[in-house]
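Got a predicted model here, sequence first, then my questions.
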Amino acid sequence: MIVVMGAGGATGGATLRSLAALGAPTRALTRDPARLASVLDGPTRARTVVTAADAADPESLRAAFHGAERLLLTMANGPHQVRYELNAVEAAVACGVQHIVKVSAPAAEPDSPVAVSRGHHLVEERLRTCGVTTSVLRPYAFMQKLLLLAPGIAAAGVVHGATGRARCNYVDVRDIGDAAAELLTRPAPTGGTYPLTGGRAYSHPELTALLGGMLGRPVRYVDLAPAELHAHLAGRGGMPDWLATHVVEIQQLAVAREEKPDDTFRRLTGRTPRTLESFLTENLHRFR
């Protein structure tokens, strides 16, 4: 049995669909089983047992992990993420889970300039010493997050950022799900760390030019200083302060460390990753 922790999130949901396509029996954990069950497509629902569990409640995790052999650990970024993920690791170890696949982040280092990545490092460090085979996925920016730009593009043809001409890696969350499912269903997992990107990195000016060409109208990129972008996101955008800080930090990481595509996804799954062009074409109506 494979358990998916964070089943209601983007990567958790994508992995559920990928596991269902492989015919793998899966237990999806959520605080709201009725809501999750209502949004699963038919084939995924048929292969998935939706179970109530709360990452803040270790006892509920131990009950949910009972009889499981493998675990996908993917939880939303937030102030409690490290504590919740460590709760899951301890419960998994106590229940005899044999393989944990964790969705982490680039630059998961103790001195990372990205606070969320420092948190991922703490969880990765515990995984290294827990005695369970561990695979760590380190995906770059989700293509799906670009949909957050859609209202500004539709209304004013503008994208704000703080990356200058630095290029950013993007990966389709469905590819993350496919990669996770591949690792979770291997007969003999060996562990490892796997960076995940799409096939090409894009600067914001390249992204807006691409969108403008698809839409048939200009889309402008407005480059801001980091503090200005934070104020824009937290003020006009209404983001919580920690999230606005996170967005600025990951954009500045792309400036400080050149991002290039990586072929790990192809080597892991045997196919090329989904392209940004195909993702935007699929969702172009959202930007109009």
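Received it, and whenever you're ready, just let me know what you need.

Now do the helices in the stretch 1-150 of the chain.
Secondary structure of the stretch 1-150 of the chain by DSSP state H, counting those that start in this stretch: the helices cover 10-21, 33-39, 42-47, 58-65, 81-94, 115-129, 150-156.

so which of these gets nearest residue 1?
Nearest of the helices of the stretch 1-150 of the chain to residue 1, taken as C-beta to C-beta: helix 58-65 at 9.3 Å. In short, each C-beta sits where N, CA and C put it, glycine included.

just checking, what packs against the closest one?
Secondary-structure packing of helix 58-65 (3 or more C-beta pairs under 8 Å, 6 or more residues apart in numbering; DSSP states H and E): strand 26-30, strand 48-52, helix 81-94.

6 Å - rerun?
For helix 58-65, the packing partners by 3 or more C-beta pairs under 6 Å, 6 or more residues apart in numbering; DSSP states H and E come out as helix 81-94.

Buried deepest among the helices of the stretch 1-150 of the chain, which one?
helix 10-21 (a mean of 23; mean count of other C-beta atoms under 10 Å).

chain center to it: distance?
12 Å (C-alpha atoms, centre = their mean, to the nearest Å).

pLDDT on it, on average?
Averaging the model's pLDDT scores along helix 10-21 yields 95.

For it, give me every contacting residue.
4, 6-7, 26, 28, 43-44, 47-48, 72, 74, 103, 173-174, 176-178, 180-181 (C-beta atoms under 6 Å, 6 or more residues apart in numbering).

now do stretch 192-207
135-140, 161, 163, 165, 167, 169-171, 176, 179, 221, 259-262, 264-265, 273, 275-276.

So which of these sit within strands?
135-139, 161, 167, 169-171, 221 (DSSP state E).

Mind giving me the ChimeraX command for buried ones among the contacts of stretch 192-207?
Selection of buried members from those for ChimeraX, criterion 16 or more other C-beta atoms under 10 Å:
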select :135,136,137,138,139,140,161,163,167,169,170,171,176,179,221,259,261,262,264,265,273,276
